[in-house]
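Chemist: sequence and predicted model, in that order:
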Amino acid sequence: MTQQSDINQSESKSTVARGDEECSAEQRREEGRQTYVNSAVEQAGKILRNLSQRVRLVAESLREEQGPQRRVGRTVEQMARKLESSADYLSGSSTTELRDEMTGVIKRYPLRSLGVIFGVGLLVGTAFRRRGV
């Protein structure tokens, strides 16, 4: 019987070791996902900042004009501030906070969320089609 109990203990240890390996592999995958998401959020913040700077330049040139262009320049300046604010929000928030807020917005406005997702998908699809991807 001791042989049988030794075999059972050995199998038990082997099963525990496999479980630990699977858990460790899952942790590495999760860390990889987190790194990827953090990188994507950081990149989005940089893109928004860059876009904000370009929009601000356009606004400055429009504000120097007379008439309707001057009003358009003020509106474009507001858009630049919103873009800058969005970049600050992304860089100042953790991915968990972003996810939780996004979930809350989607639950509060499900139809609007679908519309936005559809619109973004349409824009991305159009951009890829133009590039021949």
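Modeler: On my side now, so go ahead. All figures in this text were calculated on a predicted structure; none of them were measured in a lab.
Chemist: which elements pack onto the helix or strand that contains Y89?
Modeler: Assigned by DSSP states H and E, Y89 belongs to helix 68-92. Packed against helix 68-92, as judged by 3 or more Cβ pairs under 8 Å, 6 or more residues apart in numbering; DSSP states H and E, are the following elements: helix 2-63. Any C-beta I mention is one placed from the backbone N, CA and C, and that applies to glycine too.
Chemist: need the pLDDT of V133.
Modeler: Note for V133: predicted pLDDT of 58.
Chemist: quick one: contacts of stretch 83-93?
Modeler: By Cβ atoms under 8 Å, 6 or more residues apart in numbering, the residues outside stretch 83-93 that reach it are 41-42, 44-46, 48-49, 51-52, 55, 98, 101.
Chemist: make CSV out of those and add distance to Q27, neighbour count and pLDDT.
Modeler: Converted to CSV, the contacts of stretch 83-93 look like this (distance: Cβ to Cβ, whole Å; neighbours: other Cβ atoms under 10 Å; pLDDT from 0 to 100):
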residue, distance to Q27, neighbour count, pLDDT
V41, 21, 16, 83
E42, 22, 12, 85
A44, 26, 14, 85
G45, 27, 18, 86
K46, 29, 13, 87
L48, 32, 20, 85
R49, 33, 17, 88
L51, 36, 16, 86
S52, 37, 20, 87
V55, 42, 19, 87
L98, 22, 14, 86
E101, 26, 12, 90
